[in-house]
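>>> with the sequence up front, the predicted model follows.
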Amino acid sequence: MSSSSSSDEADKAFDEMVDEVVDNFIDTIVDGQTNKPKRRAYIERDREQGHNQLWKDYFMENPTYPPEMFRRRFRMNKPLFLRIVDRLSSEVPYFQQRRNASGRYGLSPLQKCTAAKCMLAYGQSGDRNDEYLRLGDSTSRLCLENFTDTIIQLFGDEYLRSPTPEDLQRLLDVGEVRGFPGMIGNIDCMHWEWKNCPTAWKGQFTRGSGKPTIILEAVASQDLWIWHTFFSLPGTLNDINVLDRSPVFDDILHGRAPKVKFKVNNHTYHMAYYLTDGIYPNWSTFIQSIPLPQGPKAEKFAEKQESARKDVERAFGVLQSRFAIVKNPALQWDKEKIGKIMRTCVILHNMIVENERHGYAQINTSEFESGESSRGSKVTSRESIHAGDMLGMHREVRDQEKHARLKADLMENIW
């Protein structure tokens, strides 16, 4: 009897244990199914209405808003914007309007390009495009990513190019009229705050302001065209550190840049130069102001140099006013995407400058073009150079004696 009762108790305990294991297993499966992430709810945004409203407001024959308001809101004239849209829609599949499996048309090229342009111009989130253009936040961000990639691919070679011989001659003529023969632009740096900089990188990118920044080095001319950009260095560097890493003189050192010859105060020079602020070194390719000018001659030179040097500062200001995304802190995590946004903004800026240059107050260089006055500068194509010549070019770019002589001649020329 005792052995039979103990066997029954053991069986009962075993059954309870099995039941407990099975119940736990069933609960785990049920909980897993209950906590399974749900699919995102589909929102019918009526994208056709967004396209029709956009077309009616800005692109039909008699739109609601006049060209002046289009220029103010899109940061460019309508023909230029349509040129960009046509180029993108004809060469890039993403910007082509296609039907889905049910035969319904997707977003139009105008909607996609306008969404990207609004994010660049106003620095707003993609969610702001939802109510008017009928695009979700993730779709707007995808439009921006494809827009930046495509603008760089299709227009980068033309609008981020180095100066051609014709460009150089025009820049030299403008510099000569302004009192600086041989000057081809101004160089300086700008900082763009990076709000979402990874914590591990903040020490590298944070300077005295306490906020991480990324540096843009640029060369600009009097008409605000940006001829050179070098972006992505951390904000702890100063202008000299950036210059040490910059490719701004690579074309000269490798023999790709045209040869330049100009005269100042009856002395001939063969290396064009940039106007800079005081932090840049005393090289033959940089001309700074005089911090404490002594005498009327030095004072006049300092006044002229500091006035002409503001071209690059004006270019930075116009770039930030046109594209608030580079004025506001960068919200992206990926530094490569931030760099593409900056390059896209510079390309669009140069396209606007080219399109509207005729309306600017231009420096009159007609005297050189009509032959009424002999220009003091000349640009010719450069023959290929050997490796030994590169060292000589490197020394000539950094020649401090030529810098001092050129600066003295410029003072005499301005006086």
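Cool, the structure landed.
>>> would you map the strands across the stretch 201-350 of the chain?
Using DSSP state E, counting those that start in this stretch, the strands of the stretch 201-350 of the chain run over 213-220, 226-234, 259-264, 267-269, 273-275, 286-287.
>>> tell me the strands beside the first one, with direction?
If you go by DSSP bridges, strand 213-220 pairs up with strand 183-193 (antiparallel), strand 226-234 (antiparallel).
>>> looking at the strands of the stretch 201-350 of the chain, which is buried most?
strand 273-275 (a mean of 25; mean count of other CB atoms under 10 Å). From N, CA and C alone the C-beta is placed, and that goes for glycine too.
>>> if we can go back for a sec, got a markdown table for the strands paired with strand 213-220, with mean pLDDT and distance to residue 13 too?
Shown next, in a markdown table, are the strands paired with strand 213-220 (pLDDT from 0 to 100; distance: least, CB to CB, whole Å):
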| stretch | mean pLDDT | distance to residue 13 |
| --- | --- | --- |
| strand 183-193 | 91 | 68 |
| strand 226-234 | 92 | 68 |
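>>> alpha carbons of the helix or strand encompassing residue 143, as PDB, please.
Using DSSP states H and E, residue 143 sits within helix 137-159. Taking Å, rounded to 0.1, in the frame of the first residue of the first chain, the C-alpha atoms of helix 137-159 are listed here in PDB:
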ATOM      1  CA  ASP A 137       8.400  62.500 -43.600                       C
ATOM      2  CA  SER A 138      10.400  59.500 -44.700                       C
ATOM      3  CA  THR A 139       9.500  60.100 -48.400                       C
ATOM      4  CA  SER A 140      10.700  63.800 -48.100                       C
ATOM      5  CA  ARG A 141      14.000  62.700 -46.600                       C
ATOM      6  CA  LEU A 142      14.400  60.200 -49.400                       C
ATOM      7  CA  CYS A 143      13.700  62.900 -51.900                       C
ATOM      8  CA  LEU A 144      16.400  65.100 -50.300                       C
ATOM      9  CA  GLU A 145      18.900  62.300 -50.400                       C
ATOM     10  CA  ASN A 146      18.300  61.500 -54.100                       C
ATOM     11  CA  PHE A 147      18.200  65.200 -55.000                       C
ATOM     12  CA  THR A 148      21.600  65.900 -53.500                       C
ATOM     13  CA  ASP A 149      23.200  62.800 -55.100                       C
ATOM     14  CA  THR A 150      21.700  63.700 -58.500                       C
ATOM     15  CA  ILE A 151      22.600  67.400 -58.400                       C
ATOM     16  CA  ILE A 152      26.200  66.600 -57.600                       C
ATOM     17  CA  GLN A 153      26.300  63.900 -60.400                       C
ATOM     18  CA  LEU A 154      24.700  66.000 -63.100                       C
ATOM     19  CA  PHE A 155      25.900  69.600 -62.300                       C
ATOM     20  CA  GLY A 156      28.900  69.200 -60.100                       C
ATOM     21  CA  ASP A 157      31.500  69.100 -63.000                       C
ATOM     22  CA  GLU A 158      30.200  72.400 -64.400                       C
ATOM     23  CA  TYR A 159      29.400  74.300 -61.300                       C
END
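>>> please shift the residue numbers so they start at 865 in all later answers.
Taking 865 as the first residue, the last one we looked at is helix 1001-1023.
>>> show me what it is packed up against.
Secondary-structure packing of helix 1001-1023 (3 or more CB pairs under 8 Å, 6 or more residues apart in numbering; DSSP states H and E): helix 942-955, helix 973-986, helix 994-997, helix 1199-1220.
>>> okay, now the closest residue to residue 1078 other than its chain neighbours: neighbour count?
In space, and not counting its chain neighbours, residue 1078 is closest to residue 1056: 5.1 Å by CB to CB, 6 or more residues apart in numbering. Residue 1056 has 21 neighbouring residues, counting by other CB atoms under 10 Å.
>>> distance of the residue nearest to residue 1264 when sequence neighbours are not counted relative to residue 1262?
Leaving aside its chain neighbours, residue 1264 sits nearest to residue 1146 (5.0 Å; criterion: CB to CB, 6+ apart). Distance, residue 1146 to residue 1262, using CB to CB, to the nearest Å: 9 Å.
>>> which of the helices and strands packed on helix 1001-1023 sits closest to residue 1063?
helix 1199-1220 (14.2 Å; CB to CB).
>>> on that earlier part again, okay if I get the helices and strands packed on helix 1001-1023 as JSON lines plus mean neighbour count, mean pLDDT and distance to residue 1118?
Shown next, in JSON lines, are these (neighbours: other CB atoms under 10 Å; pLDDT from 0 to 100; distance: least, CB to CB, whole Å):
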{"stretch": "helix 942-955", "mean neighbour count": "16", "mean pLDDT": "93", "distance to residue 1118": "31"}
{"stretch": "helix 973-986", "mean neighbour count": "23", "mean pLDDT": "92", "distance to residue 1118": "33"}
{"stretch": "helix 994-997", "mean neighbour count": "17", "mean pLDDT": "85", "distance to residue 1118": "46"}
{"stretch": "helix 1199-1220", "mean neighbour count": "19", "mean pLDDT": "93", "distance to residue 1118": "22"}
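>>> dump those to CSV, plus distance to residue 1185.
Shown next, in CSV, are the helices and strands packed on helix 1001-1023 (distance: least, CB to CB, whole Å):
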stretch, distance to residue 1185
helix 942-955, 18
helix 973-986, 10
helix 994-997, 23
helix 1199-1220, 10
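>>> name the nearest residue to residue 988, sequence neighbours excluded.
Nearest non-adjacent residue to residue 988, counting by CB to CB, 6+ apart: residue 982, 6.6 Å away.
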